[in-house]
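Colleague: test case, fold it:
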Amino acid sequence: MKRLFFVLLLLTFYPLEAQTSLKAKALLDKVANEMNAAKNLQFGFTYVLENKQEKIRQETEGNVTVAQDKYRLNMTDVQQLFDGTQLYTIVPDNEEITISSPDEAAEVGINPSELLFFYTKGYDYHWDILQNVRRKKIQYVKLIPTDDNPDIQYLLLGIDVANSSIYRLIEIGKNTTRTTLTLNNMVRDISLPENFFTFDSSQYPDYFINEAF
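Modeller: Below you'll find the model as predicted:
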């Protein structure tokens, strides 16, 4: 009798979990389709890294423009330009430019192109809480890596329900580190100069250029 009760309990909760995961996936698919349909996207962001155990809190603000796999990113002390092939990391304080492949450069910890679509593979999806933030309805989806990840426990992806866009990404690390990326003022399909994603060395005549490949 106890075994039968346990089996019935599993059958009762399994469909609910399956429906919840499918609901979360459907929302993320809708977001990905909305992002992919845009010719380009431009938004500001706030990036916060916290580790209460180590008493660390770092906050950075910036803005980025993305068009397919190309992007231009501006932060407090660094600029990045990716033209689809090479990544240019510009540090005005040092008057230095590093040219690299996108896989070799992870200094700022943000890849705007990946940010908009990273959730489409490699995760299990779970429906999470709904929050009201500044008159916006933000639906969170919990993302659990399908492969063992030494750094990440899980991610919380907050979706602005009104326009099916990413509002916030929270990463919970296994070392008690928490990073929060909040997007703001997102606009789509803006008019950009033809050479907006093209690096022009003549704009940096006194900079040292380091080719890291």
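Colleague: any chance you could map the helices in the chain?
Modeller: 2-37, 112-115 (DSSP state H).
Colleague: and those helices, which one's lowest on average pLDDT?
Modeller: Between the helices of the chain, the one with the least mean pLDDT is helix 2-37; it has a mean of 64.
Colleague: where does pLDDT dip in the chain?
Modeller: Residue ranges of the chain with pLDDT under 70: 1-20, 103-110, 213.
Colleague: hey, C-alpha coordinates of stretch 61-74 in CSV?
Modeller: Extracted C-alpha coordinates of stretch 61-74, given in CSV (Å, rounded to 0.1, in the frame of the first residue of the first chain):
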residue,chain,number,x,y,z
GLU,A,61,27.1,50.7,-15.6
GLY,A,62,27.2,50.9,-19.4
ASN,A,63,25.3,50.7,-22.6
VAL,A,64,25.5,48.5,-25.7
THR,A,65,24.2,48.3,-29.3
VAL,A,66,23.8,44.8,-30.8
ALA,A,67,23.0,43.9,-34.4
GLN,A,68,23.0,40.1,-34.9
ASP,A,69,26.5,39.0,-33.8
LYS,A,70,28.1,42.5,-34.0
TYR,A,71,28.1,44.8,-31.0
ARG,A,72,29.5,48.0,-29.5
LEU,A,73,29.8,48.1,-25.8
ASN,A,74,30.7,51.1,-23.5
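Colleague: contacts for it?
Modeller: 39-47, 75-76, 79-84, 108, 110, 112-113, 116, 190, 192, 196-197 (Cβ atoms under 8 Å, 6 or more residues apart in numbering). Quick note: C-beta positions are derived from backbone N, CA and C, even for glycine.
Colleague: swap in 7 Å and give it another go.
Modeller: If you take Cβ atoms under 7 Å, 6 or more residues apart in numbering as the criterion, stretch 61-74 is touched by 39-46, 75-76, 79-84, 110, 112-113, 116, 196-197.
Colleague: separation between the residue nearest in space to the middle of the chain and residue 93?
Modeller: Centroid-nearest residue in the chain, with Cα atoms, centre = their mean: residue 115, separated by 3.0 Å. Computed as Cβ to Cβ, to the nearest Å, the residue 115 to residue 93 distance reads 25 Å.
Colleague: circling back to that earlier point, quick one, which of the contacts of stretch 61-74 are buried?
Modeller: 40-43, 45, 75, 79-83, 110, 112-113, 116, 197 (16 or more other Cβ atoms under 10 Å).
Colleague: what is the most widely separated pair among those residues?
Modeller: Spanning the widest gap among those are 45 and 83, at 21.1 Å by Cβ to Cβ.
Colleague: next, count neighbours for the residue lying closest to residue 120 once chain neighbours are set aside.
Modeller: Once flanking residues are discounted, residue 120 sits nearest to residue 32: 5.5 Å by Cβ to Cβ, 6 or more residues apart in numbering. A count of neighbours around residue 32, defined by other Cβ atoms under 10 Å, yields 16.
Colleague: residue 32 is in contact with residue 121, isn't it?
Modeller: No. Judged on Cβ atoms under 7 Å, residue 32 makes no contact with residue 121 at a distance of 10.4 Å.
Colleague: gap between the nearest residue to residue 178 once chain neighbours are set aside and residue 136?
Modeller: Closest residue to residue 178 apart from its sequence neighbours, by Cβ to Cβ, 6+ apart: residue 50 at 4.9 Å. Residue 50 sits 23 Å away from residue 136, going by Cβ to Cβ.
Colleague: great, nothing more from me.
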